[in-house]
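> here are the coordinates; sequence isn't available:
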């Protein structure tokens, strides 16, 4: 009896999503490409106690967890997508990508 019910449900699901309906529900690539994202570059991180944070003044130095010369992280909406190095482009900072993180290896940074 359970096999008959499962088969009926599977047939209903398969029939309810026709190829035409799937095309209608597909997101237009122009719409998708126009969604804004936030890109940030992370040089490094550190943890401080609030009392140490409150003691910081102009000229204070905060030591980060990265060594000089290590690649920077490029994050899109707080997700690591690439690593690179700092470059100057027309008197502005930029990042030359040295590696792109494969989709399967991307980890959400919180």
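Ah, there it is. These numbers were taken from a predicted model, which means no experiment stands behind them.
> from residue 73, how far out is the one residue sitting closest to the centre of the chain?
Against the mean C-alpha coordinate of the chain, by Cα atoms, centre = their mean, the closest residue is residue 79 at 2.4 Å. According to Cβ to Cβ, to the nearest Å, residue 79 stands 10 Å off from residue 73. In this view, the C-beta of every residue, glycine as well, is placed from N, C-alpha and C.
> same question, residue 32
25 Å.
> more crowded one of the two?
When residue 32 and residue 73 are compared for neighbours, residue 73 comes out ahead with 20 against 9, by other Cβ atoms under 10 Å.
> tell me the contacts of that one?
Going by Cβ atoms under 8 Å, 6 or more residues apart in numbering, residue 73 touches 41-42, 80, 82-83.
> next one: residue 74
Contacts for residue 74 (Cβ under 8 Å, 6+ apart) come out as 39-41, 80-84, 95, 97.
> nearest residue to it other than its sequence neighbours?
Of all residues not flanking residue 74 in the chain, residue 82 sits nearest, at 4.3 Å (Cβ to Cβ, 6 or more residues apart in numbering).
> run through the neighbouring helices and strands of the helix or strand hosting that neighbour.
Applying DSSP states H and E as the criterion places residue 82 in strand 79-89. For strand 79-89, the elements it packs on are strand 72-76, strand 92-100, judged by 3 or more Cβ pairs under 8 Å, 6 or more residues apart in numbering; DSSP states H and E.
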